[in-house]
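Trainee: just a sequence and a predicted model for now, questions to come.
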Amino acid sequence: MIFRTRFAPSPTGPLHLGHAYSAILAHDRAKAQGGTFLLRIEDTDLERSKDKWIAAIADDLRWLCLTWPEPPLRQSDHLPRYQKAVDQLAHMDLLYPCSCSRTDIRAALSAPQEGAIPGPYPGTCRHRPLSDHKPGDALRLDLSAALDHLPTLPSFTDTGPIHPGHHSLDPTHLIETSGDVVIGRKEGITAYFLASALDDIYENITEVIRGEDLFDFTPIQVLLLTLLGHRPPDYHHHRLIRDEHGKRLAKRDDARAIAKYRADGLSPQDIRQMIGL
Ligand code: GLU
């Protein structure tokens, strides 16, 4: 199997040192194994994604001496494909409509922040059949039904240094941490983590390389892929680059934006040194 990995930023701000770490690590691992590194633009959050950030991200990555097959996949060009997967889960009777909280729904639809996995949903709308769907309702996964649907519990391999080894899905942990996650809406909006997992299959990714902050999303992605009849890739969760207070860098950390270091005259080699690569 030829090694394929990807860097999948959401174009909602400038790349910072944490992104550089993830992208360079993925690129280096692909090159070392004679494999392929892909860039993917995760712009399902149509409101916050901007063309100017797509251009800036590609420009920074090129400056860092990374290359990828052009053009990168742009998720907003593939919305019907994600919707098909949502429909498939609906046909399996694993989704129900939910009108509960907009904030919760928004959190599930945009790229996650560390520790921001939408907490377990109390199940208020779980009794509602899909036929009761009202405009604007979210579609939630009935997690217990989904787990019951599978003859055996899926598992995944992490090749990274933080959670190395083989992980079987733990239903109790999943129910306590993820709960009935929002999968999307009938109006063609798909949750970030479903679209991303589907694209890992679509692009034949063999190893998903990404920050440790996304580790908690992996079991739910593995569950969804398995329900949809796909074999999940391997995962490699890496350490996060943090600021001097130990906080994970976010897009608003302009001071650590790659563009800022470029403007200050640093070289790609200096960036590698700063992040320990
Ligand atoms: N698009 C996500 C982000 O920018 C990354 C998703 C992934 O690597 O799986 O945080």
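Mentor: Looks like it came in fine.
Trainee: what's the neighbour count on the nearest residue to Met274 once chain neighbours are set aside?
Mentor: Once flanking residues are discounted, Met274 sits nearest to Leu17: 6.5 Å by C-beta to C-beta, 6 or more residues apart in numbering. C-betas here are computed from N, CA, C, even on glycine. Using other C-beta atoms under 10 Å, Leu17 has 20 neighbouring residues.
Trainee: give me the phi and psi for Leu17.
Mentor: Here is the backbone geometry of Leu17 (degrees, to the nearest 10): phi -60, psi -30.
Trainee: who are the contact partners of it?
Mentor: By C-beta atoms under 8 Å, 6 or more residues apart in numbering, Leu17 lies in contact with 241, 249, 256, 258, 271, 274-275.
Trainee: can you tell me which two in these are farthest apart?
Mentor: Largest separation among those by C-beta to C-beta: Leu249 and Ile271, giving 13.3 Å.
Trainee: before we move on, the earlier item: near the ligand, from the contacts of Leu17?
Mentor: For the ligand, no contacts are drawn from these by C-beta under 6 Å from any ligand atom.
Trainee: lowest-confidence member of those, which is it?
Mentor: Ranked by pLDDT, the contacts of Leu17 bottom out at Leu249, which has 73.
Trainee: so that residue is in contact with Tyr21, correct?
Mentor: No - using C-beta atoms under 8 Å, Leu249 makes no contact with Tyr21, being 9.4 Å away.
Trainee: overlap in contacts, these two.
Mentor: Ile241.
Trainee: in the helix or strand harbouring Ser22, what's buried?
Mentor: Using DSSP states H and E, Ser22 maps to helix 17-32. By neighbour count on 16 or more other C-beta atoms under 10 Å, the buried set for helix 17-32 is 17-27, 29-30.
Trainee: could you do stretch 42-49 as well?
Mentor: By neighbour count on 16+ other C-beta under 10 Å, the buried set for stretch 42-49 is 42-45, 49.
Trainee: can the helix holding Ser22 be said to contact the ligand?
Mentor: No - using C-beta under 6 Å from any ligand atom, helix 17-32 never reaches the ligand; the gap is at least 7.4 Å.
Trainee: tell me where the model's unsure across the stretch 51-200 of the chain.
Mentor: 102, 104-119 (pLDDT under 70).
Trainee: still on that earlier bit, so how far is the helix holding Ser22 off the chain centroid?
Mentor: Put simply, helix 17-32 sits 16 Å off its chain's centre (C-alpha atoms, centre = their mean, to the nearest Å).
Trainee: now do the helices in the stretch 101-250 of the chain.
Mentor: Remark: helices assigned in the stretch 101-250 of the chain by DSSP state H, counting those that start in this stretch are 102-109, 143-149, 171-177, 192-202, 218-227.
Trainee: the last one near the ligand at all?
Mentor: No - residues of helix 218-227 contacting the ligand under C-beta under 6 Å from any ligand atom: none, with a closest distance of 8.1 Å.
Trainee: make residue 1 into 50 and carry on from there
Mentor: Right, with 50 as the first residue, what we last looked at is helix 267-276.
Trainee: what packs against that helix?
Mentor: Applying 3 or more C-beta pairs under 8 Å, 6 or more residues apart in numbering; DSSP states H and E, one finds that helix 267-276 contacts helix 128-140, helix 192-198, strand 204-207, helix 220-226, helix 241-251.
Trainee: averaged pLDDT, it. What do you get?
Mentor: Per-residue scores along helix 267-276 average to 98.
Trainee: what's the angle from that helix to helix 241-251?
Mentor: Angle, helix 267-276 to helix 241-251, by axes from the mean of the first three to the mean of the last three C-alpha atoms, to 10 degrees: 50 degrees.
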